[in-house]
Each structure stands twice: as structure tokens, then as C-alpha cells.
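> have a look at this prediction, sequence included:
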Amino acid sequence: MENPGNKPNAIVNYQRAYEKTVSALSSRPSLLLHVCCGPCSCYPLTELCRHFDVTIYYANSNIYPAEEYAHRLATLRELLAYLKRDYGYDVKLIVPPYENEAYTRKLAPLKNCPEGGERCFLCYRLRLEEGYAYAEENGYDYFTTVMTVSRQKNSQKLNAIGAELEAKYPRTHYLYSDFKKKRGLEIGTEIRKKYDLYNQDYCGCVYSYEEALERRKRNQGQTPEE
């Protein structure tokens, strides 16, 4: 398949690239799936488990505070239990160490960047590379992330990073995606509501957490403390 990542200045239809890859499968390959939270996983898991032997890699040391990290992980486990019961999908889960302080130091030089900018792109790269390295070391056929399902995430950037990592870790193929397409986002929302899953109101890092606190105060008719 032509590598969509070779077109850095063009808007690439990554959903079409995904469909092309899946249609060419003649077996059920292994896939290491980076997951950021339960809600974002709802649609990608129900789609990917039809074609791949999926293992989740919950690499999210960006999430602040630790209680939020644990809450999102518990919600993901809750979703996996429902998917096993209702769909028969027995998805394995790998949870690497949570190291928020070290992770935040890496983001700190870009702390003043707006949400959705260079700070977020670095955060994408750090988590995807952690997962991709694990996939390569442990012989997975494919690697991808659920994050392309979100309107708040830049799918073009995520897939471009995936293409770069595939060149660095050639044993494992990168699975291009845009899971929000073909009603993926809507289907995922329906699944989340069906199971009444916790749905966070900020991306994850301490900087997005602080922005969320300010939004909550504004919504309550208050002004943030100086």
C-alpha cells in the first residue's frame, strides 16, 4: 500500500487507507492499540476486534492528577468487561508505569502553547512512540491509536507521526485510521451512553486540566483566581 505519510502537505483520507488495509487482510494479525480512555475506545474497539487480535496499551502518563488517571483506567476496564459480555471480545490490557512528573517536565517548555498546538503534538508523539517501541519489541504485526476518533485530536498529525514511527520501527506496521469517519464518533457516543461510562471534560495534561478548571468556573458564573 502506498504510504499516506509521504504526503505531508496534503489532506489525506486516512479512513480510506484503513479500509484498504483491512480489506487486504487474509488472516487475523496482532494489533497493539494505544488507548487514551474508555469513551474514545468504544467505536475503535468494536471495529478493530472484528479484524485483529487486539491488545490495549494504556500509555497515558500525561494524565493529571493521578486520581483522574486511575478513574479513566477503571472506566476502560469497565468497558472491556461490557465488550466481553455483550460482543465476546476478550481484549488484553497492558498498563505501563504511570510517570506524570517526568512526562510533564517534557511538556513544560511548551506549556503556553494553545490546546491543539505544538504541546499536544509532542504529547501525541511521546505516547505513540512509547507504544510503538513496545509493539516492535514484542512482535506485534500492527500498531495504532484510538485518538483519531476525537474531533479534538488532529488526525492528520497523528497519522503523520505514525508514518514516521513506522520508518523507525519497521517490524510493526502502522495502521492508518480516522475513526471518527463513517459515523464512528456517533457510534462510539451511543456505546458510551448505553453503558453510562464516565466521560471526562478535558484532554489530560496538567495544562488542559487547569484550562478545564477555568471553564468550570466560568460556567458557574465565577472568575478564576489570580
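Structure's in. What do you need?

> buried residues, the lowest-mean-pLDDT helix or strand in the chain. List them.
Each helix and strand of the chain was given a mean pLDDT (mean pLDDT, DSSP states H and E); the minimum falls on helix 206-219 at a mean of 91. Under the neighbour-count criterion of 16 or more other CB atoms under 10 Å, helix 206-219 has 206-209, 211-212 buried. The C-beta positions use only the backbone N, C-alpha and C, and glycine is treated the same way.

> and which of those residues is nearest residue 148?
Closest approach between the buried residues of helix 206-219 and residue 148, by CB to CB: residue 208, at 18.3 Å.

> disregarding residues adjacent in the polypeptide, which is nearest to the closest one?
What sits nearest to residue 208 in space, not counting adjacent residues and going by CB to CB, 6 or more residues apart in numbering, is residue 202, at 4.6 Å.

> point to the residue nearest the middle of the protein.
residue 147 (3.2 Å; CA atoms, centre = their mean).

> who's in contact with it?
34, 36, 40, 124, 153, 158 (CB atoms under 8 Å, 6 or more residues apart in numbering).

> quick check: it vs residue 168, distance?
To residue 168, residue 147 is 19 Å away according to CB to CB, to the nearest Å.

> what does residue 196 give?
Counting by CB to CB, the separation of residue 196 from residue 168 is 40 Å.

> would you say the residue nearest to the centre of the chain is within a strand?
No: the assignment for residue 147, made by DSSP: H, G, I helix; E, B strand; the rest coil, is helix rather than a strand.

> which residues touch the longest helix that the chain contains?
Determined from DSSP state H, the single longest helix within the chain is helix 66-87. Contact with helix 66-87 is made by 35-39, 41-42, 45-46, 49, 56, 58, 60, 63, 89-91, 93, 95, 98, 100, 195, 197-198, 200, 204, 209, as judged by CB under 8 Å, 6+ apart.
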